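# this is a predicted model, with the sequence first.
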Amino acid sequence: MSFFSSRSLARLRTALPACIGLMLALSSTARADDSFTPAQRKEIVAIVRDALKTDPSILSDAITALRAGAEAQEQTRTRDALATNRAALTTPAPSDAILGAPNARTTVIEFYDPRCPYCRKVLADLDRLVHDDPNVRIVEKVIPVLGPASVLTAQAIAAAALQGGHDAYFRMQRAIMTDTTKPDTARIRLLAKQAGLDADRLVSDMAGPAVAATLRANSELAEAIHLEGTPTFVFDARYIIPGAVDYGALKAAIEKTRHS
């Protein structure tokens, strides 16, 4: 009887996640044969097979353990990324539009895509949030991640700020994100006019270096914090909510941030 197979079932249950990880490494690493002999590789596989035959529930336990380990690693990665980029996440850039009091003590960064339906849905909640809480500011960072239409509308929103600051930014943002027509240049021109903006200048600025620099900076920061979708909210560079969220969840996250 081998050294491994003489272990108790309890020890196998405890060790199985590591064994499965080892098996994955053996199957995916080109240099695996440099570390283990064929006999050792065969015995490792036999351990897992014998354990599963004795108690199939071990597999689900192992998967749960592996998933928990992966989630812990992801949380650590996110925490480190937020800490590394704290300055950029708590100090608005000159090109950022701010919803709420500019000097509010709690900063919420929203990364959003104008074409994202969840980003559109949360607009009213953001307005309500800054209305109800004078000590929160929402810093808007537009990032086009959903294709050419997203790029076009993101350029238009960023360009609006060049001719009218935050007020023009939000007028154009609302016009675009409440519009149900698929955008093209002609549609952008019409929406700009309806928002009280100079449509010719806006279209020209959309292709300019200032807009390109804004979108590039937003995208680079999103990549630095490992953003996976829109909307994503970052609270004082300490707490993050990816994906769809409602007013209650936003309020709860702000309170959590303030008391953490």
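Noted; the coordinates are in hand.
# contacts only, for residue 119.
By C-beta atoms under 8 Å, 6 or more residues apart in numbering, the contact list for residue 119 reads 112-113, 177, 230-231. The C-beta positions use only the backbone N, C-alpha and C, and glycine is treated the same way.
# packing partners for the longest helix belonging to the chain?
Counting residues, the longest helix found in the chain (DSSP state H) is helix 148-177. For helix 148-177, the packing partners by 3 or more C-beta pairs under 8 Å, 6 or more residues apart in numbering; DSSP states H and E come out as strand 97-100, strand 136-142, helix 185-194, helix 199-206, helix 209-224.
# shaky segments in the stretch 51-200 of the chain?
Along the stretch 51-200 of the chain, the model assigns pLDDT under 70 to residues 51-52, 55-78.
# could you look up the SS state of the residue lying closest to residue 113 once chain neighbours are set aside?
Nearest non-adjacent residue to residue 113, counting by C-beta to C-beta, 6 or more residues apart in numbering: residue 230, 4.4 Å away. Using DSSP: H, G, I helix; E, B strand; the rest coil, the structure places residue 230 in coil.
# ok, how many other residues are close to residue 230?
Around residue 230 there are 25 other residues, counting by other C-beta atoms under 10 Å.
# hang on, the earlier thing: which PyMOL command selects the buried ones in the contacts of residue 119?
In PyMOL, a selection of the buried entries from the contacts of residue 119 looks like this (16 or more other C-beta atoms under 10 Å):
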select buried, resi 112+113+177+230+231
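# between the contacts of residue 119, which is nearest residue 146?
residue 113 (5.2 Å; C-beta to C-beta).
# quick one: contacts for that closest one?
With C-beta under 8 Å, 6+ apart, residue 113 has these contacts: 119, 142-146, 150, 154, 230.
# mind listing the helices for the stretch 1-150 of the chain?
Along the stretch 1-150 of the chain, the stretches classed as helices by DSSP state H, counting those that start in this stretch are 9-28, 38-54, 57-84, 86-90, 117-121, 123-132, 148-177.
# output the contacting helices and strands for the second one.
Read that as helix 38-54. Looks like helix 38-54 contacts helix 9-28, helix 57-84 (3+ C-beta pairs under 8 Å, 6+ apart).
# what's the pLDDT at residue 35?
What the model reports as pLDDT for residue 35 is 67.
# apologies, that question was intended for residue 239.
87.
# what's the burial count for the nearest residue to it once chain neighbours are set aside?
Distance criterion C-beta to C-beta, 6+ apart; nearest residue to residue 239, sequence neighbours excluded, is residue 257 at 5.1 Å. Residues near residue 257, counting by other C-beta under 10 Å, number 18.
# next, residue 257: secondary structure please.
Residue 257 ends up helix, using three-state DSSP.
# from residue 250, how far out is it?
11 Å (C-beta to C-beta, to the nearest Å).
# again with residue 211
Distance from residue 211 to residue 250, by C-beta to C-beta: 28 Å.
# stretch 107-122: end-to-end distance?
The straight-line separation of the ends of stretch 107-122 (C-alpha to C-alpha, to the nearest Å) is 17 Å.
# please state the offset of it from the chain centre?
Chain-centre distance of stretch 107-122: 11 Å, with C-alpha atoms, centre = their mean, to the nearest Å.
# for it, buried residues please.
Applying 16+ other C-beta under 10 Å to stretch 107-122 flags 107-116, 119-120, 122 as buried.
# can you classify the residue nearest the centre of the chain by secondary structure?
The centre of the chain sits closest to residue 227, judged by C-alpha atoms, centre = their mean, with a distance of 2.8 Å. Secondary structure, three-state DSSP: residue 227 is coil.
# going forward can the numbers begin at 56, since that is how I track them
Sure thing, new numbering starts at 56, so read that last one as residue 282.
# residues touching it, list them.
Residue 282 neighbours (C-beta under 8 Å, 6+ apart): 166, 198, 297.
# cool, residue 208 as well?
Taking C-beta under 8 Å, 6+ apart, one finds 169-170, 199, 231, 238, 243 in contact with residue 208.
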